[in-house]
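Q: Have a look; sequence and predicted model below, questions after that.
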Amino acid sequence: ADALRLPTPPPLLSSQRVPVPISLGVWKPIVILPDDMVGEMESDHLAAVLLHAMAHIVRRDHLTGLAQRLVVVLFWWNPLVRRWSEQISDLREEICDNHVLLVQGGGQQLAQVLIDMADRTAVSPRLPGIVGIHGAELHGLGRRITRLIHKEPDMATRVNRMYSAVVFLCGLALLV
């Protein structure tokens, strides 16, 4: 939490019902880990997971995700809106990955955790509510892991104002 300048760490819970770590909550966020994950995970891997989850909290990605889902529900018929939402989700993950890269100095730990989580979700049943919340699609996983291992030079941890304005104007144009 200190590394991300988070004033108070979120509550950390565990559950048998979640196959992968998740952070939930808009106003009082929490981090939930699978029961067996803490005991079997190396400390640097667990640190990468917690850094990534807390980066989502610091960035208030839960609000962004909620807004995305509302727009997709309202404009379900528009494939451009769905594509835009996927790209925003990928960008949110990439930025949170960058937080881990900057704090840990590398992405090998997080890359290994992502591989392990993909394996877990392939063999374990998912909690129905998490499928929509977590975005369990694996379409960008290979690219994400490659990026973490090779530590691409573009490691932004914020979206600049110009990009935010362009995204907002594109979203507004799509709505109109």
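A: Received the coordinates, thanks.
Q: drop to CA atoms for contacts and neighbour counts, all remaining ones
A: Will do.
Q: Got the phi and psi for the residue sitting nearest the centre point of the chain?
A: The centre of the chain sits closest to residue 93, judged by C-alpha atoms, centre = their mean, with a distance of 4.2 Å. Note on residue 93: backbone dihedrals following degrees, to the nearest 10 are phi -60, psi -40.
Q: what sits against residue 82?
A: Residues near residue 82 by C-alpha atoms under 8 Å, 6 or more residues apart in numbering: 72, 76.
Q: Strands of the protein, start to end?
A: Assigned by DSSP state E, the strands in the chain fall at 12-15, 22-24, 30-34.
Q: could those be laid out in TSV, adding mean neighbour count?
A: Below are these laid out as TSV (neighbours: other C-alpha atoms under 10 Å):
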stretch	mean neighbour count
strand 12-15	14
strand 22-24	21
strand 30-34	20
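Q: With respect to residue 70, which of those lies nearest?
A: strand 22-24 (16.8 Å; C-alpha to C-alpha).
Q: What is the distance between the closest one and the centre of its chain?
A: Computed by C-alpha atoms, centre = their mean, to the nearest Å, the separation of strand 22-24 from the middle of its chain amounts to 9 Å.
Q: now for it, which elements pack on it?
A: Other elements packing on strand 22-24 under the criterion 3 or more C-alpha pairs under 8 Å, 6 or more residues apart in numbering; DSSP states H and E are strand 30-34, helix 43-58.
Q: if we can go back for a sec, may I see the strands of the chain organised as CSV, with mean pLDDT and distance to residue 67 added?
A: Below are the strands of the chain laid out as CSV (pLDDT from 0 to 100; distance: least, C-alpha to C-alpha, whole Å):
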stretch, mean pLDDT, distance to residue 67
strand 12-15, 94, 25
strand 22-24, 92, 15
strand 30-34, 94, 19
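Q: Dump those strands to a markdown table, plus distance to residue 146.
A: Shown next, in a markdown table, are these (distance: least, C-alpha to C-alpha, whole Å):
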| stretch | distance to residue 146 |
| --- | --- |
| strand 12-15 | 29 |
| strand 22-24 | 22 |
| strand 30-34 | 24 |
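Q: closest one to residue 111 among those strands?
A: Nearest of the strands of the chain (C-alpha to C-alpha): strand 22-24, 16.4 Å.
Q: contact partners of the closest one?
A: Contacts of strand 22-24 (C-alpha under 8 Å, 6+ apart): 29, 30, 31, 32, 33, 53, 54, 56, 57, 62, 134.
Q: contacting residues around the second one?
A: By that I understand residue 30. Residue 30 is in contact with 10, 11, 12, 13, 23, 24, counting by C-alpha under 8 Å, 6+ apart.
Q: For the fifth one, give its distance to residue 43.
A: Read it as residue 23. Separation of residue 23 from residue 43 (C-alpha to C-alpha, to the nearest Å): 19 Å.
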